[in-house]
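In: From the sequence below, what's the structure:
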Amino acid sequence: MFKRYNAMKAVVLRGPFRFEMVELPRPVPREDEVLIRVKVVGICGSDVRYFLGENPWALHTLGRDLKETKSFILGHEVSGEIVETGKWVKSSRVSERVGVLAFKGCEECYYCKRGFQNLCEHTLHIGHDGRWGDVDYPPGGYAEYMQIWANNAYRLPDNVSYEEATQLDGLAVAIHANNRAGVSPTENVVTIGCGAIGLMVSQVARIRGASKIIALDTRDKPLEKAEALGVDHVINVKKNKNFVDEVLKLTQGIGANVVFDTVGSNETVKAGLSMLARMGRLIMLAVTPVKIELNLTDLVGGERVLTCSANHLYEDYVVGVELLASGKVKVKPFITHIMKLEEYKEAFNMLLHKEDYDVIKIVLKP
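Out: Here you go, the predicted structure:
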């Protein structure tokens with residue numbers, strides 16, 4: 001994958017808690033690729049989990065944890081400018097502003113042939129080690145330059161900034177989760193966790209016609225953002241220990257038709273089930289290797305459904321571009337910090353201590 005010339009700065013993850021900024025040869029795009037100059041890259045919650053020693057890609061896609069065995073460049077929430085094209089790509093794309101759909105399926109397996117590339121175990125995923133195989137450094141956006149398949153570099157509308165475009169990956173995840181849940185008009189929705197994903201999930205649910213949206217978090221700052229972005233009711237679960245009763249009260253005792261769990265802990269799953277209406281759907285967007293204890297009657301009683309939403313489909317990204325350009329989904333309000341790539345250590349420290357810094361989303365500029 002890497003024919004090289006010149007040099008670039010990149011932040012490499014060597015292992016748990018081991019980041020290093022290094023100088024690497026600048027990659028040359030293959031025939032079907034473009035090289036982009038990274039303008040902005042977002043720090044995703046999965047990046048933090050890699051830093052802590054987990055493998056969120058394997059947990060979401062394969063349903064099991066795999067230990068990373070090599071160094072790689074993190075960063076899949078990427079926007080930038082095309083500076084070079086492979087020989088199969090039109091040179092007229094140079095200077096194009098693009099957002100990046102960060103993964104590609106093998107196109108040969110059972111899932112890819114049915115359009116579910118998000119479930120392909122042979123996925124190549126920018127910013128995730130995944131299935132890259134024999135390359136020096138699996139590529140990612142924590143670098144000055146990054147190669148990407150030309151078909152995965154989507155032209156940005158003029159009114160979408162590079163900073164906003166970093167959230168297209170998460171917006172596609174939010175769209176896919178809403179599709180998995182089948183959110184429909186008149187339904188009540190609860191979103192557990194008001195990070196970037198939770199805030200976008202709520203906005204997409206509103207677009208789909210949800211009648212009442214309730215957001216839960218442990219911090220006031222994200223809840224303020226949720227309210228500003230159109231959520232009907234917000235509850236700080238640290239301050240209100242009876243939050244399940246409050247949700248039931250707000251839904252006239254019925255409960256939520258859909259609960260989105262963007263946290264994925266034992267506590268949030270149990271809480272989600274306890275506030276779920278009959279025939280309700282609990283959608284887990286975050287998974288954890290920690291064992292979760294469930295009372296089966298809480299789940300199967302009343303035809304309740306517990307399932308998950310992994311990554312997104314290709315077409316979800318396209319819909320995300322349209323929603324962002326139209327202004328129906330807003331992401332600027334929760335991008336709380338814009339920092340330099342060289343400040344990556346400080347940025348990760350802030351994300352590990354969110355309450356001390358009022359952090360929601362940090363983006364980095366190489």
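In: remind me, longest strand of this protein?
Out: Looking across the chain with DSSP state E, the single longest strand is strand 3-15.
In: Which positions within that one qualify as buried?
Out: Neighbour counts using 16 or more other Cβ atoms under 10 Å place 8, 10-13 of strand 3-15 among the buried residues. Every residue, glycine included, has its C-beta placed from N, CA and C.
In: which sections of the chain are below the confidence cut-off?
Out: 1-5, 69, 130-131 (pLDDT under 70).
In: How is it divided into domains?
Out: Following the assignment in automatic domain parsing, the chain carries domains at 3-167+331-365, 174-308.
In: Tell me where the stretch 251-366 of the chain has strands.
Out: Here the stretch 251-366 of the chain has its strands, by DSSP state E, counting those that start in this stretch, at 256-261, 276-284, 305-308, 335-340, 361-365.
In: Compare these and report which one is nearest to L62.
Out: Nearest of these to L62, taken as Cβ to Cβ: strand 305-308 at 12.5 Å.
In: From the chain's centroid, how far away is the closest one?
Out: 19 Å (Cα atoms, centre = their mean, to the nearest Å).
In: One more: stretch 269-284?
Out: With Cα atoms, centre = their mean as the basis, stretch 269-284 stands 22 Å off its chain's centre.
In: list the buried ones in that stretch?
Out: 269-273, 275-277, 280-284.
In: Need those in CSV (columns: distance to A226).
Out: Below are the buried residues of stretch 269-284 laid out as CSV (distance: Cβ to Cβ, whole Å):
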residue, distance to A226
V269, 21
K270, 22
A271, 17
G272, 17
L273, 22
M275, 17
L276, 20
A277, 21
G280, 21
R281, 21
L282, 19
I283, 17
M284, 19
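In: Farthest-apart pair in the residues you listed, please.
Out: A277 and M284 (17.2 Å).
In: T191 looks like it's in a helix, true?
Out: No - with DSSP: H, G, I helix; E, B strand; the rest coil as the criterion, T191 is located in strand rather than a helix.
In: Tally up the residues packed near it, please.
Out: Neighbour count for T191, taken as other Cβ atoms under 10 Å: 31.
In: Does the residue most central in space within the chain belong to a helix, a strand or coil?
Out: Per Cα atoms, centre = their mean, the C-alpha nearest to the average position across the chain is that of G170, at 3.7 Å. Applying three-state DSSP to G170 yields a three-state assignment of helix.
In: got it, and V234?
Out: Look at V234: counting by three-state DSSP, its state is strand.
In: Quick check: closest non-adjacent residue to it.
Out: Nearest in space to V234, with sequence neighbours left out and distances taken as Cβ to Cβ, 6 or more residues apart in numbering, is L223 at 4.1 Å.
In: tell me the contacts of V263?
Out: By Cβ atoms under 8 Å, 6 or more residues apart in numbering, the contact set of V263 is 192-193, 286.
In: If any of the residues you listed are buried, put those into a ChimeraX selection.
Out: Of these, the buried ones can be selected in ChimeraX as follows, counting by 16+ other Cβ under 10 Å:
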select :192,193,286
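In: Just the angle for the strand or helix carrying I148 relative to strand 3-15, thanks.
Out: In the assignment (DSSP states H and E), I148 maps to strand 145-149. If you take axes from the mean of the first three to the mean of the last three Cα atoms, to 10 degrees, strand 145-149 sits at 100 degrees to strand 3-15.
In: Check which helices and strands strand 145-149 sits against.
Out: Applying 3 or more Cβ pairs under 8 Å, 6 or more residues apart in numbering; DSSP states H and E, we find strand 145-149 packed against strand 18-28, strand 33-42, strand 77-85.
In: let's see 10 Å
Out: strand 3-15, strand 18-28, strand 33-42, strand 77-85, strand 97-100, strand 103-104 (3 or more Cβ pairs under 10 Å, 6 or more residues apart in numbering; DSSP states H and E).
In: Distance check, V22 against G133.
Out: With the distance defined as Cβ to Cβ, to the nearest Å, V22 ends up 21 Å from G133.
In: CA atoms only: put stretch 313-330 into CSV for me.
Out: In CSV, the C-alpha atoms belonging to stretch 313-330 read as follows (Å, rounded to 0.1, in the frame of the first residue of the first chain):
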residue,chain,number,x,y,z
LEU,A,313,-23.8,1.1,5.4
TYR,A,314,-22.2,3.0,2.5
GLU,A,315,-25.4,4.7,1.6
ASP,A,316,-25.8,6.1,5.1
TYR,A,317,-22.7,8.3,4.5
VAL,A,318,-24.3,9.8,1.4
VAL,A,319,-27.5,10.6,3.4
GLY,A,320,-25.3,12.2,6.1
VAL,A,321,-23.7,14.6,3.6
GLU,A,322,-27.2,15.6,2.5
LEU,A,323,-28.5,16.2,6.0
LEU,A,324,-25.4,18.2,7.0
ALA,A,325,-25.5,20.3,3.9
SER,A,326,-29.3,21.0,4.4
GLY,A,327,-28.8,22.1,8.0
LYS,A,328,-31.2,19.5,9.3
VAL,A,329,-28.4,18.1,11.4
LYS,A,330,-26.1,20.5,13.2
